[in-house]
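1. Based on what follows, work out the 3D shape:
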Amino acid sequence: MALGISAIALLLLWLVAWSIQGPNAFSSDTATASVSLTAATPEAPSALECELLSGFRAQLDWMASPTSGVEGYRVYHGGPFQQGFSLLGEVGGGSTTYDNLRPSFLRHRYHVTAFLGALESAPSNTIRVRCRPRLSFPFPGPRNLQAENYRSQRRVILT
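-> As a prediction, this is how the structure comes out:
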C-alpha cells in the first residue's frame, strides 16, 4: 500500500512540475526527488489473561491496543515441546477475545499482537496455560446407602 501512495505522490509532483515548466520540466539536468511515507507500528495489546471454560476449552482476553485503526489481532501459540511461537488465529479489531483454545494437561504459551496492514506490533505479555478440567460423572452415585457391620463374620453389607 505504501508503494502505491509513493507512486501517486511522484505522479502528482511530475504533473505540478509539468504544469509550471512545461514538457521539459524533467530534463537530464533536473534533480530527482523521492517521497517516502512511513506509518507508525501499532502498540501491543496488554493484560493478556486466560479463562478456563468447561472441559478442555479456554478463552484468551486482553486489553485493546491504544493505537487507533487497528485492523485486528493475531494470536500466537507455543506448544510444550517447541521453542518458538506459531500463528494460531486472528480476530477483527473490535474483538479482544479468542475462545477457540483447546489446551491440554501440558503447559502451552500464548501471546497476542495487533496489526495494521502489513505492520505488526510487538507481542503482548506471554502467558502459560494448562487445562485442569473439572471431571463430572454421567451417572449419579447411590442414594440412601446403608452399611451393616458383622464383626463375627468379618464382613460389611451395603444396602
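
2. residues in contact with the helix or strand containing residue 157?
-> Element membership of residue 157, judged by DSSP states H and E, is strand 155-158. Residues outside strand 155-158 that contact it (C-beta atoms under 8 Å, 6 or more residues apart in numbering) are 145-150. All C-beta spots, glycine's among them, are computed from the backbone N, C-alpha and C.

3. any idea which of those is closest to residue 106?
-> Residue 106 has its nearest neighbour among the contacts of strand 155-158 in residue 145, at 38.1 Å by C-beta to C-beta.

4. The closest one: what secondary structure?
-> coil (DSSP: H, G, I helix; E, B strand; the rest coil).

5. Neighbours of it, how many?
-> The burial count assigned to residue 145 is 8, neighbours taken as other C-beta atoms under 10 Å.

6. From residue 109, how far out is it?
-> Separation of residue 145 from residue 109 (C-beta to C-beta, to the nearest Å): 46 Å.

7. Then residue 61?
-> To residue 109, residue 61 is 16 Å away according to C-beta to C-beta.

8. which residues in this structure form strands?
-> For the chain, strands defined by DSSP state E occupy the ranges 46-52, 58-63, 72-78, 86-92, 97-101, 108-116, 119-120, 127-129, 147-150, 155-158.

9. Just to check, residue 108 is in contact with residue 76?
-> No - using C-beta atoms under 8 Å, residue 108 makes no contact with residue 76, being 10.9 Å away.

10. domain ranges for the chain?
-> 1-38, 46-129 (automatic domain parsing).

11. confidence score at residue 36?
-> Listed pLDDT for residue 36 reads 48.

12. likewise the one 10 residues further on?
-> Per-residue confidence at residue 46 stands at 86 (pLDDT).

13. Kindly list the main-chain dihedrals of the nearest residue to residue 112 once chain neighbours are set aside?
-> Excluding the flanking residues, the one nearest residue 112 by C-beta to C-beta, 6 or more residues apart in numbering is residue 124, at 4.6 Å. Residue 124 has phi and psi values of phi -70, psi -170 when expressed as degrees, to the nearest 10.

14. If anything else comes up later, I'll come back, but that's it for now.
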